[in-house]
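Asks: quick one: sequence plus predicted model below, questions after.
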Amino acid sequence: MQIALNDLQVIHIQENHRFEIRVDGLVAELTYSMRGDTITFLHTGVPSALEGQGVGRKLVMAGLDYARTNGLKIKSLCSFVSDYLQRYPEYQI
């Protein structure tokens, strides 16, 4: 399935501690937990039909931008987020 990444909207569902992108009934997600001023990223899940098109990266960027905007410290238990932080250290807080 080809998608137009720029047309996809990341939805932050704060009460469920997750960021989502929905495409044709498929849901990609980045889940997190909050403790004090620290956001811990737990898992990034992207359906196989959407893999390799930047959907996971878009979710992670949204989560990290949220953390930065709100002055939160970042902790990652998700290998995808950890890999992203290593590639783009400017996102490390």
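Replies: That came through, no problem.
Asks: dihedrals phi and psi, G54?
Replies: The phi and psi torsions at G54 (degrees, to the nearest 10) take the values phi 90, psi 10.
Asks: contacts only, for it.
Replies: L5 (Cβ atoms under 8 Å, 6 or more residues apart in numbering). (Each C-beta comes from the backbone N, C-alpha and C, glycine too.)
Asks: how much space between it and V46?
Replies: Taking Cβ to Cβ, to the nearest Å as the measure, G54 falls 10 Å from V46.
Asks: give the buried residues for the helix or strand that contains F80.
Replies: Under the criterion of DSSP states H and E, F80 resides in helix 79-87. Of all the residues in helix 79-87, those buried under the rule 16 or more other Cβ atoms under 10 Å are F80, V81, Y84, L85.
Asks: among those residues, which two are most distant?
Replies: F80 and L85 (9.9 Å; Cβ to Cβ).
Asks: next up, the contacts around M34.
Replies: Contacts of M34 by Cβ under 8 Å, 6+ apart are H17, T40.
Asks: try 10 Å
Replies: Neighbouring residues of M34 by Cβ atoms under 10 Å, 6 or more residues apart in numbering: Q14, H17, T40, N70, L72.
Asks: give me the pLDDT value at the fourth one.
Replies: According to the model's per-residue confidence, N70 sits at a pLDDT of 97.
Asks: if I look at it, how far off is S82?
Replies: 20 Å.
Asks: likewise for the first one?
Replies: Per Cβ to Cβ, Q14 is found 23 Å from S82.
Asks: what strands line up against the longest strand seen in the chain, and which way round?
Replies: Assignment by DSSP state E gives strand 26-35 as the longest strand of the chain. Paired neighbours of strand 26-35 in the sheet (DSSP bridges): strand 18-23 (antiparallel), strand 38-45 (antiparallel).
Asks: cool, thanks, signing off.
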